[in-house]
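J.: quick one: sequence and predicted model below, then my questions.
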Amino acid sequence: MAQTAGVKPMAIAGRVASERERCLGMTVTERAWRKQWLKDQILHENEPQNIPEYWKERTNPIRRFYRFPLDWLFTRMAPMLGQARAQDYRYITGKLGLIAVGILGIHYYFKYNGNDWTRKGGWRVLRTKPMVLPGQPGFPYKSDRCYDSDYANRNFKNSPI
C-alpha cells in the first residue's frame, strides 16, 4: 500500500517553506506558525525509538534470516564505531558481498558451463581476431587455424576421447 494510501500528500509547511516567500513578507500569524513549526521539527532526545517487535512484525522472515549475520556483527561493533558509522559499514559490506557473489557466480558459470561440442546449452564465447596495424609486430596477422576443420570445432579436437 502506498504511504499516503492513495490520497494526494499535503505539504504542511505552507507558503513559508520557500525562503523567497518568507523574504517577501510574513504576517504575525505566519511568523508564530513558522516558529512553532520549527520547534516541532526538533526531536526529543529519546526519539526515534527503535522497537524490535515492530521491526520484526513488518519484515519478512526470509529477509530477517539473510540479514542476521551482518546485523549480529554490526550490533556488536556499534559501541566501538558509533551507531551511524556501523549502519553505513553494514550497508556497504552487504552490497559489496552481493557484488562479490555475483562476480563469483558469473565466473563459475563461464568456467564450467561453456558451450562446447558435448552440450547444447551454455554461452558460446567467441574471440575476434586481434587488430594488428602496419608497423606492429605480427603484421600481417596469420590465423592459427590451418585446416577447414579448425573452424567451428567447439573444442572437439582438444577432447580426450
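T.: Thanks, I have it.

J.: per the record, what domains does the chain have?
T.: Domain assignment for the chain, taken from automatic domain parsing, gives 14-49, 60-120.

J.: Asn153: which of the ones you listed is closest?
T.: Closest approach to Asn153 among the domains of the chain (Cβ to Cβ): domain 60-120, 7.3 Å. Quick note: C-beta positions are derived from backbone N, CA and C, even for glycine.

J.: for the closest one, the distance to its chain's centre please.
T.: Computed by Cα atoms, centre = their mean, to the nearest Å, the chain-centroid distance of domain 60-120 equals 11 Å.

J.: quick one: least confident helix or strand in this protein?
T.: helix 19-24 (a mean of 83; mean pLDDT, DSSP states H and E).

J.: so what secondary structure elements neighbour the host helix or strand of Arg85?
T.: Assigned by DSSP states H and E, Arg85 falls within helix 83-112. For helix 83-112, the packing partners by 3 or more Cβ pairs under 8 Å, 6 or more residues apart in numbering; DSSP states H and E come out as helix 61-81.
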